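**Q** Kindly generate the corresponding structure for this input.
(one chain, ligands or ions: 2)
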Amino acid sequence: MRTSIACGRLSRSMGSSIFLMGPLMARCGEVTVSKPGGCVIGQRPIDFHLRGLRALGARIEESHGLIRCQAKRLVGTHIVLDFPSVGATENLLMAAVLADGTTVIENAAREPEVEDLANFLNAAGASIRGAGSARIEVRGRSELAETSYQVIPDRIVAGTVMAMVAAAGGEVRLVGARADHLGVVLQKLRDAGVRAEVDHDIITVIGEETPTAIDIRTAPYPGFPTDLQAPFMAFLTIAKGTSIVQESVFEARFKHVDELVRMGANVSVDLRTAIVRGVPRLSGARVAAADLRGGAALVVAGLAAHGFTEVEGLQHIDRGYEDMAALLRTLGARVSRVSRGE
Ligand SMILES: CC(=O)N[C@H]1[C@@H](OP(=O)(O)OP(=O)(O)OC[C@H]2O[C@@H](n3ccc(=O)[nH]c3=O)[C@H](O)[C@@H]2O)O[C@H](CO)[C@@H](O)[C@@H]1O
Ligand SMILES: C=C(OP(=O)(O)O)C(=O)O
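**A** Numbering: from 1, shown residues only. Ligands and ions are numbered 1, 2, ... in the order given. The predicted structure is shown next:
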C-alpha cells in the first residue's frame, strides 16, 4: 500500500445520551435520559458525571435504568475527579459554562478532544481556561452564541491507519494529521521498527519489515490511548518477539483476543495484561467484532493475514470509522462490504 489519506474529520462515536445531561442542565429544566450505552468494554459507571452535576446544583434521581435530572440554576463549584475521565470532564464543562459563578475541575482529562471542546465553547462565548491541563477553570456566562468551528482530526483513526501500515507494510501519507496529538503513538510505532516522518501536518508512515515486539500500557492522555490498544495488538501478533500489552483504563477491553487467536495469533490474557507472542503469519478466518476498536483490530489483522478474512459486527466499527471499506480501498486492500438480510 502506498497512498495519501486526508485526516480532516473527527469521526469519533458518541455512545451515550448521558452527554445530553451537562448541556441540558446548563439550560436549566428537567431531563430524563437512559443509562449510558457505548461499547461494552467494562462497567462504564457514570458516578463522576452525576456527582459533579449534583455539586453544580442539579437534583438527580435514578430508577428503572433511567436518570432524571432537574435544575433551576446551576451554581459554580469546585470538583475533583477521582480519575481524569474524558466523558465526565466534557459533560461537566458543558454544564459549567452557563452556571452562576466559577467552576474549577481538578484532575480533569487532558485529551485533545477536551481542549477542542473548550475551544469550541470559547468560540461560542464561554470563558474556559486551562483545558488540556489537569485544572480547568470555567467562568459561567448567561448565554452562548452561534458559532462555526472546525473540529480536530481524529487521532484514533490516524493511529488505526498506522497500525494497518505496521501490519501490511507499504507507505501511507496522513494529510492533515496532528503529530502533536500522537506523541506516544508515534514513539511506539518507531520502537516497533515502523518509520514515521512528520512534516508539518503530514505524517508519512513506512512499514518495510516485520515489526518488532513492543510493550504497551494504556493510560489517560498523554499516555498511550486505550482506543488504540486493540489495533496495535493486532499488528504485534506478527511481530518479532513477545509484547506485553497492559490495559489500565477499562477492565474488559480484550474481547478481540479470542478472535485474533482464531486467526492464528498466540495471545494469552491474565486480567488486564495480554502476552502477545509474535507468530510468522496469521490466517484469514471468519471473525466477529464485539466492540468498536476491537473490530478495527480484526480489520488490521485481516490485512496481515494470508487468505480471506470476514469480519462480522460492522455496526460497532461504523460508530468510529466513517467508511472503513472506502478507507481500506484507498489503501489498496481488496475489500467488499456485504450486508446480510437486506
Ligand atoms: C465518546 C468518547 O469520546 N469516548 C471515549 C471516552 O470514553 P469515556 O468518557 O466513557 O471514558 P472515561 O475517560 O470516562 O473513562 C475512564 C475510566 O474512568 C472510569 N469512570 C468514568 C466515568 C465515571 O463516572 N466513573 C468512572 O469510574 C471508567 O470506568 C474508566 O475506567 O474516553 C475513553 C478513554 O479515553 C475512550 O476510550 C472513549 O473512546
Ligand atoms: C469506546 C469507544 O466509544 P464509546 O465511548 O462511544 O463506547 C471508542 O471510541 O473506542
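**Q** For ligand 2, see how far away the residue of the chain most remote from its centre is.
**A** Computed with C-alpha atoms, centre = their mean, the residue of the chain farthest from its C-alpha average is K72, at 33.9 Å. K72 is 31 Å from ligand 2, where distance means C-beta to the nearest ligand atom, to the nearest Å. To be clear about C-beta, it is placed using only N, CA and C from the backbone, and glycine gets the same treatment.
**Q** Tell me the residues on the stretch 151-300 of the chain that lie near ligand 1, please.
**A** T226, D227, V249, F250 (C-beta under 6 Å from any ligand atom).
**Q** Now render those as CSV, adding neighbour count.
**A** Shown next, in CSV, are those (neighbours: other C-beta atoms under 10 Å):
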residue, neighbour count
T226, 20
D227, 24
V249, 21
F250, 19
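**Q** and of the residues you listed, the nearest to T89?
**A** V249 (14.1 Å; C-beta to C-beta).
**Q** which residues touch the closest one?
**A** T218, A219, P220, T226 (C-beta atoms under 8 Å, 6 or more residues apart in numbering).
**Q** Can I get those in TSV including pLDDT?
**A** Output for the contacts of V249, formatted as TSV (pLDDT from 0 to 100):
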residue	pLDDT
T218	98
A219	98
P220	98
T226	98
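**Q** Also near ligand 2: which of those residues, exactly?
**A** Okay, of the contacts of V249, nothing touches ligand 2 (C-beta under 6 Å from any ligand atom).
**Q** and which of those residues is nearest to ligand 1?
**A** T226 (4.8 Å; C-beta to the nearest ligand atom).
**Q** show me the residues around that closest one that make contact.
**A** T226 touches T218, E247, S248, V249, F250, R253, counting by C-beta under 8 Å, 6+ apart.
**Q** Try it again at 10 Å.
**A** Going by C-beta atoms under 10 Å, 6 or more residues apart in numbering, T226 touches 41-42, 86, 156, 218-220, 247-250, 253, 293.
**Q** Just the buried ones from these?
**A** Among these, those classed as buried by 16 or more other C-beta atoms under 10 Å are I41, V86, I156, T218, A219, P220, E247, S248, V249, F250, R253, R293.
**Q** what two of these are the furthest from one another?
**A** The span of the buried ones among the contacts of T226, defined through C-beta to C-beta, is set by I156 and S248 at 17.3 Å.
**Q** ok, the contacts of T226 vs ligand 2, which is closest?
**A** Closest to ligand 2, out of all of those and judged by C-beta to the nearest ligand atom, is R293, at 4.7 Å.
**Q** show me where the stretch 1-150 of the chain has helices.
**A** For the stretch 1-150 of the chain, applying DSSP state H, counting those that start in this stretch gives helices covering 21-26, 47-55, 86-96, 112-123.
**Q** Give the closest residue to T218 in space, chain neighbours not counted.
**A** In space, T218 comes closest to T226 once its chain neighbours are excluded; the distance is 4.1 Å by C-beta to C-beta, 6 or more residues apart in numbering.
**Q** How about E146?
**A** A124 (7.2 Å).
**Q** residue contacts, that neighbour?
**A** Listed by C-beta under 10 Å, 6+ apart, the contact partners of A124 are V97, R141, E143, L144, A145, E146, T147, S148, Y149.
**Q** Quick one: those residues as CSV, columns for pLDDT too.
**A** Listed next are the contacts of A124 as CSV, based on pLDDT from 0 to 100:
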residue, pLDDT
V97, 97
R141, 96
E143, 94
L144, 95
A145, 96
E146, 96
T147, 96
S148, 97
Y149, 97
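**Q** Contacting ligand 2 as well, which ones from these?
**A** Restricting the contacts of A124 to those near ligand 2 - C-beta under 6 Å from any ligand atom - leaves none.
**Q** Buried subset of the residues you listed as a PyMOL selection?
**A** Selection of buried members from the contacts of A124 for PyMOL, criterion 16+ other C-beta under 10 Å:
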select buried, resi 97+141+144
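**Q** Looking at the contacts of A124, point me to the pair that's furthest apart.
**A** For the contacts of A124, the farthest-apart pair by C-beta to C-beta is R141 and S148; their separation is 18.7 Å.
**Q** tally of neighbours for the nearest residue to F254 once chain neighbours are set aside?
**A** Closest residue in space to F254, ignoring its immediate chain neighbours: V269 at 5.2 Å, by C-beta to C-beta, 6+ apart. Residues within reach of V269, counting by other C-beta atoms under 10 Å, total 15.
**Q** hang on, V269 in a strand?
**A** Yes: assignment of V269 by DSSP: H, G, I helix; E, B strand; the rest coil places it within a strand.
**Q** The stretch 101-250 of the chain: strands as residue ranges?
**A** For the stretch 101-250 of the chain, applying DSSP state E, counting those that start in this stretch gives strands covering 102-106, 127-129, 135-139, 170-175, 195-199, 202-207, 216-217, 242-246.
**Q** Now mean neighbour count, mean pLDDT and distance to ligand 2 too, for these, in CSV please.
**A** Below are these laid out as CSV (neighbours: other C-beta atoms under 10 Å; pLDDT from 0 to 100; distance: least, C-beta to the nearest ligand atom, whole Å):
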stretch, mean neighbour count, mean pLDDT, distance to ligand 2
strand 102-106, 20, 98, 19
strand 127-129, 16, 98, 22
strand 135-139, 19, 98, 20
strand 170-175, 19, 98, 19
strand 195-199, 14, 98, 22
strand 202-207, 20, 98, 21
strand 216-217, 20, 98, 16
strand 242-246, 18, 98, 16
